[in-house]
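In: Sequence first, then the predicted structure:
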Amino acid sequence: MNKGLLALITIGLVLVLAACGQTNSSDTDNSNSSQTGEATSNNMVNIKATNWEFDQAEYSVNAGEEVSISLTNNEGMHGIAIDEFDVNIEGDGKASFTPDQPGEYIIYCSIPCGEGHSEMKSTLIVK
């Protein structure tokens, strides 16, 4: 009886440890973006916001291709807006648009978030 109980406890412990060691795919950054903010091959831009700053100063996409943009708030409550493309995401969310003209466009926080709010900006570079 003791050997059976010991085997059961051992199997249970192995299962618990295996479950604890798994990586949660939503916590891993699977994007192909470089540090310069290049969009992935499908023009996906992932923006992470903390108090009074975005994770990158610039994000680059291709003109004439649909862009999917997502916002994740890692700290505080923020939104993003890009006026020229009628993009307005409040809180964590996504939007899509197609930029036709190359140029530089301001991405700014659209939710008043405190003393650094007015400086919370990045640039979308459309090539």
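Out: Thanks, I have it.

In: who does the most centrally placed residue in the chain bridge with?
Out: The centre of the chain sits closest to Asn46, judged by C-alpha atoms, centre = their mean, with a distance of 3.7 Å. Assessed by DSSP bridges, Asn46 has beta-bridge partners Ser70.

In: For it, give its distance to Ala7.
Out: In this view, Asn46 and Ala7 are 46 Å apart by C-beta to C-beta, to the nearest Å. C-betas here are computed from N, CA, C, even on glycine.

In: now swap in Glu119 and tell me
Out: Glu119 is 61 Å from Ala7, by C-beta to C-beta.

In: Ok, Ala95 next?
Out: From Ala95 over to Ala7 (counting by C-beta to C-beta), the distance is 54 Å.

In: higher neighbour count, these two?
Out: Taking other C-beta atoms under 10 Å, Ala95 and Ala7 do not tie; Ala95 has more neighbours (18 against 10).

In: wait, that one sits on Ala81?
Out: No - taking contacts as C-beta atoms under 8 Å, Ala95 lies outside contact range of Ala81: 9.9 Å.

In: shared neighbours, those two?
Out: Val87, Asn88, Ile89 (C-beta atoms under 8 Å, 6 or more residues apart in numbering).

In: In helices, which of those residues appear?
Out: Judged by DSSP state H, helices contain none of the shared contacts of Ala95 and Ala81.

In: now those residues as JSON lines including neighbour count, pLDDT and distance to Thr123?
Out: As requested, those are exported to JSON lines (neighbours: other C-beta atoms under 10 Å; pLDDT from 0 to 100; distance: C-beta to C-beta, whole Å):
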{"residue": "Val87", "neighbour count": "19", "pLDDT": "97", "distance to Thr123": "14"}
{"residue": "Asn88", "neighbour count": "13", "pLDDT": "97", "distance to Thr123": "17"}
{"residue": "Ile89", "neighbour count": "19", "pLDDT": "97", "distance to Thr123": "17"}
